[in-house]
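predicted model follows, preceded by the sequence.
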Amino acid sequence: MSKSTSGPFEKTKGWLDWYEGPSKPRFAPPPGAVDAHCHVFGPGEKFPYAPERKYTPCDASKAQLFALRDHLGFSRNVIVQATCHGADNEAMVDACLSSQGKARGVATVRRSVSDEELKRLDAAGVRGVRFNFVKRLVDFTPKDELLEIAGRVAELGWHVVIYFEAVDLPELWDFFTALPTTVVVDHMGRPDVSKAIDGPEFELFLKFMREHQNVWSKVSCPERLSVSGPRALNGEQGAYRDVVPFARRVVEEFPDRVLWGTDWPHPNLKDHMPDDGLLVDFIPHIAPTAALQRKLLVDNPMRLYWPEEIGG
Ligand SMILES: O=C(O)c1cc(C(=O)O)oc(=O)c1
């Protein structure tokens, strides 16, 4: 079970493999904590990467993900379909089915998906679909196609996860606000943290959440968003300081609509691969009280992904 291969595929040049032997976090997540954004990649031998993919990763299996979950002190995962698998959800579905109910999934589907397939995904633990607008990751899908998919999954009680760059929010606003489901934003809508926190770009994101009660945000991926570091490596307890005010602002203003995830195995990071134990130690910087931590890591993800277990 080596991480460095990609099965029969060749990894994208310069690909950084996930960090082996992460430290034990100093921060102990509350009991029942959910890593609400992570992926599985392949293994390529068993679950081939999609022909239309924009990158070929190293393998990152369900067993490796579940081992990380236990090591970090988490109880559950939400496994988000990675773009390298296109709309073939089998690696993610297989992980959900092997998790003994401890993983839910977010799928990618095309307009051609049948009702039977949606029901099969639902039975496997899928609770949402992901719409991706990051141009380096996917080709364009027409919005009427996406709206049609959103309407169909709404009937299953699923939500829509959206991934986009902050500069694209104005253009996508009308589409996002027309979605008929709960809408979960990946990685805080990728703010440019070198810009002012009270500047127009991040203000627009806050307005998006303020004016639309169905919009949630993942306060994840400081390792992607940080410009100044320091990186979560070598025992660093104050990593990615420039991201802290942005994430903390979202957690404090919208405590009931935030989620957190490792983003393991961190696709497409170019300059470093974080120690996931130190990433967990980032959490108390953005959610400074036990009450906020409990909402972020337990109550909110349980409400969205396991409502039946909390009488919801
Ligand atoms: O920024 C990214 O490169 C990235 C890629 C993917 C994916 O390929 O699915 O998912 C993420 O959450 C982030």
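Right, received. Where do you want to start?

what about the residue lying closest to residue 277 once chain neighbours are set aside, how many neighbours?
Leaving out its chain neighbours, the residue that sits closest to residue 277 by CB to CB, 6 or more residues apart in numbering is residue 23, at 3.5 Å. Heads up, the C-betas are built off the backbone N, CA and C, glycines and all. For residue 23, the number of neighbouring residues by other CB atoms under 10 Å comes to 19.

so residue 23, which state does it fall into?
Classification of residue 23 into helix, strand or coil gives coil, according to DSSP: H, G, I helix; E, B strand; the rest coil.

now it: phi and psi?
phi -70, psi 160 (degrees, to the nearest 10).

and it, what does it touch?
Remark: with contacts taken as CB atoms under 8 Å, 6 or more residues apart in numbering, residue 23 is in contact with 235, 275, 277, 278.

which among these end up buried?
Among the contacts of residue 23, those scoring as buried are 275, 277, 278 (criterion: 16 or more other CB atoms under 10 Å).

is it true that the first one touches residue 223?
It stands for residue 275. No - counting by CB atoms under 8 Å, residue 275 stays clear of residue 223, with 10.0 Å between them.

joint contacts of those two?
When contacts are counted by CB under 8 Å, 6+ apart, residue 275 and residue 223 have residue 232 as shared neighbours.

before we move on, the earlier item: in JSON lines: the contacts of residue 23, plus secondary structure, pLDDT and distance to the ligand.
Listed next are the contacts of residue 23 as JSON lines, based on DSSP: H, G, I helix; E, B strand; the rest coil; pLDDT from 0 to 100; distance: CB to the nearest ligand atom, whole Å:
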{"residue": "235", "secondary structure": "coil", "pLDDT": "97", "distance to the ligand": "26"}
{"residue": "275", "secondary structure": "coil", "pLDDT": "98", "distance to the ligand": "18"}
{"residue": "277", "secondary structure": "helix", "pLDDT": "98", "distance to the ligand": "20"}
{"residue": "278", "secondary structure": "helix", "pLDDT": "98", "distance to the ligand": "19"}
